[in-house]
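Trainee: What follows is a predicted structure for the sequence shown.
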Amino acid sequence: MPLRLSWIETANSPETPFPLNNLPYGRVSFANGSPRCAVPIGDLALDVSALERAGLLVLDGGPALQTGGWNELMARGPACWAALRARLAELLAEDAPEREQLTPFLRPLAEATPLLPFEVTEYTDFYAGRHHATNVGTMFRGADNALPPNWLHIPIGYNGRASTVVVSGTDIRRPCGQLKPKDAEIPHWGASQRLDFELEMGAIIGGATQMGERLTADEADALIFGYVLLNDWSARDIQAWEYQPLGPFQAKAFGTSISPWIVPKAALEPFRTDTPPRDHALLPYLQTNSPTLYDIQLQVDLQPDGAERATTVSRTNYREMYYSSAQQLAHHSSSGCAMRVGDLLGSGTISGPNRESRGSMLEISWGGRDPITLATGETRSFLEDGDLVVLRGEAVGDGFRVGFGECAGRVRPAQM
Ligand code: MN
């Protein structure tokens, strides 16, 4: 699929993250005004809440973009998602007759303050990257027992906290908790010394299921509305002490950052790709009839407070995952667990096969054994106060890119 041309010239640059091919969904405010739904196009933001009020955007079932978030639109279902996307593409296409009518609803994107784009109703995080699970398992249990016996059969997850999912740009305070160094007999209270990021994608569920209902993996894929970048901030020392036998709890509950633009599944269609080869065939409920991963290039930049430039500490790709979000969602509903509109599923840390492609500091520094040197000359094993962590992602097509924007957060000192 080639670049689709728009009458907004900056949307036709091969470098813009927001060409007509993308049309992601965000929620912003301008000059501290009221929140509104917006769609970035080139270097502009289209105020679709105002567009709907003006009657230039009419959705079946009445207005859906007046509440300041995208949950209501999601709840209308895939036919409505497609109709909205088609109408936006029509209004912004090169030959659109409405361009003068649209001009009052376009503002510079740089003037928009991004807000959380949807109400996160529930949040679940997975452990579905094979390189990540192998690295972590090797560090903690040795190379022979790196992958737990269930790992190649089941997408492992835990129920996280929706209440502390925040939008890119929100500071993250270093958490305190129970810490028990290996040689200590009892734990003490203190600030985490092993604060980490996790490079992930988040899938946003656009439909609901009833308690007792089970989704096939193909039905699950159809229920995904779109994707964001996700940083599952993690306190490794708190995690190491608390995680047995029920998994992470406070180590990951203090904050999760997402990028501000929901990239619709429709924009990612040209980039679909298969999951990797299987060691064991998956049970039928996890099998899909079409590819459900995407070729999305990802990177992590780390910039200490006051440093002039950032250092890219990881480059990897979403296609490295062993389980897709569709498979995770099928598994999530397999017991009859009800899913909600606005459910967020974290992919799990996305690491590639080598050191340069590892998606967390735990892996990059191999548990602190091999610190990395930043462009400033400083070294890092884990995150320091003041560090700015920025995740970036884009799917690169022929002469265009579908960008996710940034998922940024700065580490603030602990409050003891
Ligand atoms: Mn995670």
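Mentor: Thanks, I have it. Residues are numbered from 1 along each chain as shown.
Trainee: can you list the residues of the stretch 1-150 of the chain near the ion?
Mentor: residue 125 (Cβ under 5 Å from the ion). Every C-beta, even on glycine, is put in place using the N, C-alpha and C of the backbone.
Trainee: what about the helices in the stretch 1-150 of the chain?
Mentor: Secondary structure of the stretch 1-150 of the chain (DSSP state H, counting those that start in this stretch): helices at 48-53, 71-75, 78-92, 99-102, 130-141.
Trainee: Regarding the protein, what is its longest strand?
Mentor: Counting by DSSP state E, the longest strand found in the chain is strand 401-412.
Trainee: Bridged to the spatially most central residue of the chain, which residues?
Mentor: Here the mean C-alpha position of the chain is nearest to the C-alpha of residue 229 (Cα atoms, centre = their mean), at a distance of 2.6 Å. Beta-bridge partners for residue 229, by DSSP bridges, are residue 201.
Trainee: Could you list the domains of this structure?
Mentor: Here the domain parsing of the chain from automatic domain parsing is 9-115, 123-412.
Trainee: Report the outermost residue of this protein with respect to its centre.
Mentor: residue 185 (38.5 Å).
Trainee: name the element that one belongs to?
Mentor: Per DSSP states H and E, residue 185 falls between elements, in no helix or strand.
Trainee: separation between the residue of the chain found nearest the ion and residue 345?
Mentor: The ion sits closest to residue 232 of the chain, with a gap of 3.5 Å, by Cβ to the ion. Separation of residue 232 from residue 345 (Cβ to Cβ, to the nearest Å): 11 Å.
Trainee: Which residues are in contact with each of these two?
Mentor: Jointly contacting residue 232 and residue 345 under the rule Cβ atoms under 8 Å, 6 or more residues apart in numbering are residue 125.
Trainee: So which of the two has more stuff around it?
Mentor: Taking neighbours as other Cβ atoms under 10 Å, residue 232 and residue 345 compare with residue 345 leading, 30 against 27.
Trainee: That one is in contact with residue 201, isn't it?
Mentor: No. Using Cβ atoms under 8 Å, residue 345 is not in contact with residue 201; the gap is 9.1 Å.
Trainee: Need the overlap of contacts for those two.
Mentor: Common contacts of residue 345 and residue 201, defined by Cβ under 8 Å, 6+ apart, comprise residue 325.
Trainee: remind me which residues of the stretch 51-200 of the chain are low pLDDT?
Mentor: Scanning the stretch 51-200 of the chain for pLDDT under 70 picks out no residues.
Trainee: again, 90 this time
Mentor: The model of the stretch 51-200 of the chain has pLDDT under 90 over residues 67-68, 140-141.
Trainee: residues contacting residue 246?
Mentor: Going by Cβ under 8 Å, 6+ apart, residue 246 touches residue 158.
Trainee: do you know how far it is from residue 111?
Mentor: With Cβ to Cβ as the criterion, residue 246 and residue 111 are 46 Å apart.
Trainee: which stretches of the stretch 201-350 of the chain have low pLDDT?
Mentor: Using pLDDT under 90, the stretch 201-350 of the chain drops low at 244.
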